[in-house]
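>>> Provided below for reference: sequence and predicted model.
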Amino acid sequence: MTMLDNKKALSQVGVPLDQNGPATSSPASKRAKTTCTNTSTETNPLLSDWSSQPFHIPPFADIKPEHFQPAFEVAMKEHMDELQAIVDNADEPTFDNVLLPYDRAGHLLGRVRHVFGTLSGSMNTDEIKKLGKEMSPILSRHTSSAYHLPGLFDKIKKVYDQRDDAALNLTDEQKRLVKVVYDNFTRKGANFSEEQKKEYAELLAELSSLHVAFGQNVLVDEETFEMVLKLEDMVGCPDSFIAAAKAAAQERNKADDEYVLTLSRTFVEPFLTYADRRDLRESLFKSWTQRGQLHPDRDNVKIAVDILKLRQRQAGFFGCKNYAEWQLKDRMANTVEKVSNLLNDVWPRAKEAANKERIQMEEFIRRNSSYSTDGEAGLDGGIQPWDWRYYAQKANSDVDVTAELKPYLSREAVFQMATDVSSKLYNLKYVERPDIVSWHPDVVTYEVRDATTDELVAIFMKDDYTRQYKSSGAWMSEVRSQNGNLPAGMDAIEGIPIVTNNNNIAKADPSLLSFDEGTTLFHELGHGHHGMLSKTTYATLASTNVATDFVELQSQLLENWLEQPVVLKQAKHYQTGEALPEELLEKYKATLKLNAGFDTVEYLSCAIFDIELHQIEDYSDFDLLEFEKKELERIGMPQGIVLRHRPPSFQHLFASSHYSAGYYSYLWSDVLAADAFGAFTESGDIFSKEVADKARKYIYSSGNTVAPDELFRRFRGRDPDVQFMLRRKGLVD
C-alpha cells in the first residue's frame, strides 16, 4: 500500500490543482515582452517569451528567487484586468463572453504559480521558503479579490441560471464548466455580504500562512536531522541500504567511517525493518514521529490547532455545524455518513488482521529466544512501533522475498516496467531528452509520444532522488496543464501538458528499490497519466482538477500492474542481467498479503482520526495530542502501531486544506481502483485494448467534464463494489 503521495501540498502558493483562484490553472501563453518601468521586471524570465525553449518549457536555469515577487505582482494585475474586462463587457452575458474568457484568464499567474510550486516542492531553499511565507497571504487575498470582483459572479450566475435553455445550445461539457465555476464561486463566498467577504478573505489569508508554516517546519526538521552511525550500528541492514547511508554521509562531508540516516521515509522504514539494534530503531522512530515538534521554535501542534479553529469558523460561514460537513459537500462521498460507513466497515477487519499478525510475531519470538529482551522469551514492554517491521520481517523470513527481489528492482528497471505498462495500455512511448535543463541535475525529461502516430502527447519530468531542500514523500504536479481553450493565434504547444513525478529514493549506484518504493513509482506515474492523457476543451476541467476522493483512482489503479507476474518477470538483475527466476516469482505471489493488517491499520487509523477531528464543533482549550491518544484508545488501536502520520507532521491535513477531512480519499479511491482493475482481470487480459481504451476515456482523459460517480458507471456499467478492495487486501476470503 502506498500512502506516500502528497499530491502535492505545494505550500498553497503553487498548487497544481485550481485551489487558489479563478481560472489560474490554464498554462502559460506565448507572450510578447512585458513592458514595465521596473528594469528588473523587463528582464524577468518568468515574464518573458518562452518560445525559444524546447516545448516552451520554463527557462529554469535563468529563474532566480528574486524574480518571483515582481512576476507575481505583474501576473496578479493582468489576471484582475482580464476578469474586469469580462465585467465591463456591456453585452448580455453568454457562455462565449463570460465562461470562455474566464477559463482563459490568469494564464500568466498560472505559469508563475506552477513554476514556484515546482521549486517549493523540489528545491525549497531558504530563499524560496521566505518567499512562500511572504507571498502566501498576498496570493490568498488576490484569490479572494478575484472571486469577489463586483459584477463577475452576477454574470456567471446569469449564465448558470440559463444553462439548460435550448436557445443557448450548450454542450454537456460547457454545462459542466458553468456548474463547476458557479460552485467554485459559491464555495468562495460569492453570496456573502461585503463585510462577510472581507472577513472571509482575511480568514483564508491567515489559513494560507499557517499552511505554509506547518509544511516548512516539517521540512526543516527533516533537513536538519541526521543520525550518524558506524558500520557496526547497521548490522542486519542490506548492502544496498548501507551504500545509500554512505552516500548520504559523503554528501554531508562526514568522516570516512561514518554513515548518515535522515528522516526521509526511504531511510527510516528500511532501518526499522532490518537493523538489529533495537535502541537505534527506537531513537530513529521517535525522531521520525516527532517531526514538527523537534524544536520549540517549530511548534506544529499549536499551528494545527490554530488551523482547526479557523476551519471551524470557515464552515460556520456556510451554515455548517463542522468543517467535515462543509468539506465533503464538494466531494464524491458527499456526506460524513458515507465516509464513516466505509471506514467503519473496513476497520474491524483490518484490526483483526493486524492483531493476528502481532500474535504470530510474539509466537516467533517465543520460539526464537535469541530475539528475547526480557529474559523470558519476550520483549520488554511487548512489541513496540519500532519493533513491528523488524519482527514481521524476521517472522516471515522463510517466505519473505523482499531481499531476494531487490537486486531485480533497480530504479531504472522499475521505471522501465512502468513505461512498458504505459505503452501496452495507452500506446505511449517515452523519449529521453538529456539536453533539456530543469530545476536540478537529477531531473530526467522525456517527450511522451503516441507510439503509432508519433504525435506529442506530453512532456514528462522525473525527479527521483531524495536531497536537501526537497519535500519528503512522493507526488505528481504540473508545470503546465493540458488546455484545449487556447486563444486564437497561440502556439498549440501551450496546450500540451508538462507533468512531473517526484519521488524520494536514496541515491546510490545502483538505487535498489523495495517493493513499496516500486509501487510508489507506479502510483505516481498513474497520476502522471491523469495529467498527460487529459483531453478536455477547458482548462478548468482538465487533468487532476477533480474531486479529491476521485483523484487517487488513477494512481492506485496503475499500482496493480507491478504485482502481476507477467510484468515482474521483465525485471533483470542489476549485476548479472539475469531475468527474475520463475521460482522467485512463485514465492513472491505467496507473500502479496503479508502485513496487510498492519498496512491497512496504519493508514486507516489516520483516516478515522482525520474525519473525527474535523467533526469537532468547538476547539476552545483543545489538546490535539490528547485527542490523538483518546481517539486511538476509542477505536482500539492494536498494540505496536501508531498513526502513519502523527498530527505534528500530518501534511495532508495541515500543509494545505486539500486532504483535510479527506484523507479517507485513498481508501475511497482504493475501492474504485480495485473494482476498475477487476474489469481487466475479468476480460482475461490485463492489457485488454478494449478495457484500456475505456479506462483512458473515462478514467484518465475526461478530467472533470463529467461527475466522477457517472464516469465510473460509464467505465464499469454500475456503481463500485467494495468487495474487490477487501479481497485485494486479504480482509475477506
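Looks like it came in fine.
>>> quick one: contacts of stretch 411-423?
Surrounding stretch 411-423, the residues in contact under the criterion CB atoms under 8 Å, 6 or more residues apart in numbering are 428-430, 451, 462, 464, 505, 510-513, 517-518, 521-522, 525, 529, 558, 561-562, 567-568, 570-572, 574. Where you see a C-beta, it was placed from the backbone N, CA and C, and this is true even at glycine.
>>> Skip the chain neighbours and tell me the closest residue to Tyr160.
Tyr182 (4.3 Å; CB to CB, 6 or more residues apart in numbering).
>>> again, but for Lys589
Pro565 (6.7 Å).
>>> Please pull up the helix or strand immediately following the strand or helix carrying Glu195.
With secondary structure defined by DSSP states H and E, Glu195 is part of helix 194-224. Under the assignment DSSP H and E, the closest C-terminal helix or strand after helix 194-224 is strand 227-229.
>>> all strands of this protein, in order?
For the chain, strands defined by DSSP state E occupy the ranges 227-229, 259-261, 428-432, 444-450, 456-465, 475-480, 498-505.
>>> for the second one, what is the average pLDDT?
Yep, that's strand 259-261 we're talking about. The average pLDDT for strand 259-261 rounds to 97.
>>> If you count contacts, what does that strand end up packed against?
Helices and strands in packing contact with strand 259-261 are listed as strand 227-229, helix 239-251, helix 265-274; criterion 3 or more CB pairs under 8 Å, 6 or more residues apart in numbering; DSSP states H and E.
>>> ok, back up a step: nearest to Pro150, out of the strands of the chain?
Within the strands of the chain, the stretch nearest Pro150 is strand 475-480; the backing value is 31.4 Å (CB to CB).
>>> Pull up the pairing partners for the closest one, direction included.
Strands flanking strand 475-480 in the sheet, each with its direction: strand 498-505 (antiparallel) (DSSP bridges).
>>> Could you tell me the angle between the strand it pairs with and helix 194-224?
40 degrees (axes from the mean of the first three to the mean of the last three CA atoms, to 10 degrees).
>>> Output strand 498-505 as CSV, restricted to C-alpha atoms.
Extracted as CSV, the C-alpha positions of strand 498-505 are listed here (Å, rounded to 0.1, in the frame of the first residue of the first chain):
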residue,chain,number,x,y,z
ILE,A,498,4.2,19.3,-18.8
VAL,A,499,3.9,16.7,-16.0
THR,A,500,6.3,16.0,-13.1
ASN,A,501,6.8,12.9,-10.9
ASN,A,502,8.7,13.4,-7.7
ASN,A,503,10.0,10.6,-5.5
ASN,A,504,12.4,10.4,-2.6
ILE,A,505,14.7,7.4,-3.5
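>>> who wins for proximity to Trp668 among the strands of the chain?
Counting by CB to CB, Trp668 lies closest to strand 475-480 out of these; the figure is 18.5 Å.
>>> Could you double-check that Trp706 lies in contact with Leu177?
One correction, residue 706 is Val, not Trp. No. Val706 lies out of contact with Leu177 (CB atoms under 8 Å); the separation is 11.6 Å.
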